[in-house]
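A.B. asks: just to be clear, the model below is a prediction. Sequence and coordinates:
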Amino acid sequence: MRCVIARFPFDLTKSGVLETMKGVKPEPVTGQSVIIGRRHYPVKQVGEVITRQDRRDFSAGEVLRSMAQLGFTCRTVPAPAPVAAPSAGLSPVQRAAAMLGTPLTA
């Protein structure tokens, strides 16, 4: 499949990407990621390895779009959980208990 990354066309296949990424140790994922095989790779690392270009030359969106078209599972950054406002009039222990929730009965 022809994919355009950083204004350059690449003919990528799923098997070709799997072969290229074989043996590449994944960096820690802190943002968007692509699942290749059983490993989670940062999007920029995948783009750098398959295009042999510097990470600053392309966007994560270009690589995500290309990998999704090839059939790989792509993950985006999860939205941060909203922080509940502390309840007025409760002690610190009661606020902590409220944030943890009620215990489940077995």
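C.D. replies: Perfect, thanks for sending it.
A.B. asks: strands of the chain, start to end?
C.D. replies: Remark: strands of the chain, listed N- to C-terminal, are 2-5, 8-11, 33-36, 39-42, 73-75; assignment by DSSP state E.
A.B. asks: residue ranges for the helices of the chain, please.
C.D. replies: All helices of the chain, identified by DSSP state H, fall at 14-21, 43-51, 60-70, 92-100.
A.B. asks: of the ones you listed, flag the one that's most buried.
C.D. replies: Most buried of the helices of the chain by mean neighbour count (mean count of other C-beta atoms under 10 Å) is helix 43-51; its value is a mean of 21. Every C-beta, even on glycine, is put in place using the N, C-alpha and C of the backbone.
A.B. asks: do you know the pLDDT at the spatially most distant residue from the centre of the chain?
C.D. replies: In the chain, Gly89 marks the outermost C-alpha relative to the chain mean, sitting 40.6 Å out by C-alpha atoms, centre = their mean. In the predicted model, Gly89 carries a pLDDT score of 76.
A.B. asks: redo the helices of the chain as CSV? Include distance to Gln32 and mean pLDDT.
C.D. replies: Compiled in CSV, the helices of the chain are given as follows (distance: least, C-beta to C-beta, whole Å; pLDDT from 0 to 100):
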stretch, distance to Gln32, mean pLDDT
helix 14-21, 16, 93
helix 43-51, 5, 94
helix 60-70, 5, 93
helix 92-100, 29, 81
